[in-house]
Every structure is written in C-alpha cells, then in structure tokens.
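Chemist: requesting a structural model of the entry that follows:
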Amino acid sequence: MSPSPLNLASPLNALGQAYQYAVAQLASLMRPRAESPAEAASRLRVWADGFYMNQPSYAADLRAAADRADRQMDGND
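Modeler: Numbering: from 1, shown residues only. The predicted structure follows:
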C-alpha cells in the first residue's frame, strides 16, 4: 500500500491569498494621501513667489488659481 500524496493545493492557495492581502496593505500604506485644497492653494502661492522675479505674469496666474481654489473652498464660487 503506497502512502497518499500530500494535498498542498489548499495551504498554498491560502498562503497566496495571505501574501496578496499583505502586499495590498503595504501598497495602501505607501500611497501618498491626496492633497487638500488648502495645501494646493498654498503650493501654488509658493510657486508664484518663485516665478515672480522672472515671469511676473505667470506668477499672477498662479496666484489667481490659488485665489480661485480658496473661493471654491469657502463656497463663494
């Protein structure tokens, strides 16, 4: 009488699913969070400050975009 073969399909399947879950959780932790509207407006103003000396019209456009973002946050637009 020969010994029955080991059935490894079920444990390997469970191990694969656990690995898939762990990788998905790690990926979600590494994903950057979305920028808030206030952070976006602040970033636009910082960029505008950097462009002000060489490209004042572009800096004005960036400031206008930041102002529009602020108005949308306040619900005035």
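Chemist: can you tell me the SS state at the most centrally placed residue in the chain?
Modeler: For the chain, residue 32 is the residue whose C-alpha lies nearest the centre (Cα atoms, centre = their mean; 3.7 Å). Following DSSP: H, G, I helix; E, B strand; the rest coil, the label given to residue 32 is coil.
Chemist: phi, psi of it?
Modeler: As for residue 32, its main-chain torsions (degrees, to the nearest 10) stand at phi -70, psi 150.
Chemist: tell me who's in contact with it.
Modeler: By Cβ atoms under 8 Å, 6 or more residues apart in numbering, the contact set of residue 32 is empty. Every residue, glycine included, has its C-beta placed from N, CA and C.
Chemist: what helix or strand is residue 58 located in?
Modeler: Per DSSP states H and E, residue 58 falls inside helix 56-74.
Chemist: what separates residue 32 from residue 66, distance-wise?
Modeler: As defined by Cβ to Cβ, to the nearest Å, residue 32 lies at a distance of 21 Å from residue 66.
Chemist: what does residue 42 give?
Modeler: Residue 42 is 8 Å from residue 66, where distance means Cβ to Cβ.
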